[in-house]
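Visitor: Turn this into a model:
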Amino acid sequence: MSGGRLTQRDRQQIARGLADGLAYAEIARGLDRPTSTITREVTRNGGPTAYRADLAHRATERRAQRRGAASPRGSSEPAPLPYGRDAEAVRAYEEQFTTVMIQSGLPRMTARVMVCLLTSDAGSLTASELVQRLQVSPATVSKSIAFLESQALVRRERDERRRERYVIDEDLWYQSMAASVRALTQEVEIARQGVTVLGPGTPAAVRLENVARFLGFVAESLARAAEQAREILGTKPAPTAGRDLA
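Guide: From the prediction side, this is the model:
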């Protein structure tokens, strides 16, 4: 496979492939590049629907200039990741995860912060750690954290050095399912109110009653399944003795 940075011509070919509805793997084969390279390129430059070759090329040049300014000659290499992880594979995975979160409705930067927290071994990071890892401003991190807090997806706590840390709770996904159940329950209630307003037995009322029964069944099933599976979220990692932490 070819190496080196993507050229402007490469990016134009990526844009054409996306416009033609090609999968990342197919675009990658056409460029003789790893699929992860294409995934990372598209994700960091607006996603498959907003990707523009010229804008992506200029954005990449600006990022390279910022990295050059922030990394003076003679600076040390980045520390290796723990557990012998492949840094390139981790970056590609985080960008794919971010794309999924965006598609679920999260703003892009909020999704990046959430993925960063989820993929940290501690499950918590300080504001300065998030700024460093994401290469964004403290104000951007603060805004994203405020949104995640409003959705009960993160909480704040103080560590032993009195630093504020942002924490992803173990039952994050349970709380997310619980919120979905509450939203479904509200939809059930409003649908049933419509039955009374529109008149029982009328076509519109029958339709709403069917909707209410369907959503009610889904809500009850989801609540029951989430409660039964909740203990899975408390599973602890296997002992790390003897594993490579470098």
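Visitor: Quick one: distance of the helix or strand containing residue 190 to the chain centre.
Guide: Following DSSP states H and E, one finds residue 190 within helix 172-198. Centre-to-centre, helix 172-198 and its host chain are 25 Å apart (Cα atoms, centre = their mean, to the nearest Å).
Visitor: Now do the buried residues in that helix.
Guide: 172, 174, 177-178, 181, 184, 187-188, 191-192, 194-195, 198 (16 or more other Cβ atoms under 10 Å). No exception for glycine: its C-beta is placed from N, CA and C like everyone else's.
Visitor: Which other helices and strands does it contact?
Guide: When contacts are defined as 3 or more Cβ pairs under 8 Å, 6 or more residues apart in numbering; DSSP states H and E, helix 172-198 packs onto helix 203-229.
Visitor: What is the helix it packs on packed up against?
Guide: helix 172-198.
Visitor: Show me where the protein has its strands.
Guide: Using DSSP state E, the strands found in the chain span residues 124-126, 155-158, 164-167.
Visitor: Show me what the last one is in contact with.
Guide: The reference is to strand 164-167. 117, 123-127, 130, 145, 148, 154-159 (Cβ atoms under 8 Å, 6 or more residues apart in numbering).
Visitor: Could you measure from residue 39 over to residue 58?
Guide: In this view, residue 39 and residue 58 are 20 Å apart by Cβ to Cβ, to the nearest Å.
Visitor: Between those two, which has more neighbouring residues?
Guide: Under the criterion of other Cβ atoms under 10 Å, the comparison of residue 39 against residue 58 puts residue 39 first, with 21 against 13.
Visitor: Quick one: neighbours of the closest residue to that one other than its chain neighbours, just the number.
Guide: Once flanking residues are discounted, residue 39 sits nearest to residue 24: 5.2 Å by Cβ to Cβ, 6 or more residues apart in numbering. Residue 24 has 23 neighbouring residues, counting by other Cβ under 10 Å.
Visitor: quick one: contacts for residue 24?
Guide: The contact partners of residue 24, taken as Cβ under 8 Å, 6+ apart, are 35, 38-39, 42.
Visitor: Any chance of the residues you listed in a markdown table with distance to residue 228 and pLDDT as columns?
Guide: Output for the contacts of residue 24, formatted as a markdown table (distance: Cβ to Cβ, whole Å; pLDDT from 0 to 100):
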| residue | distance to residue 228 | pLDDT |
| --- | --- | --- |
| 35 | 37 | 87 |
| 38 | 40 | 89 |
| 39 | 35 | 86 |
| 42 | 38 | 87 |
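Visitor: my read: residue 208 touches residue 191, true?
Guide: Yes - judged on Cβ atoms under 8 Å, residue 208 makes contact with residue 191 at a distance of 4.6 Å.
Visitor: Break the chain into its domains for me.
Guide: 8-57, 83-167, 172-234 (automatic domain parsing).
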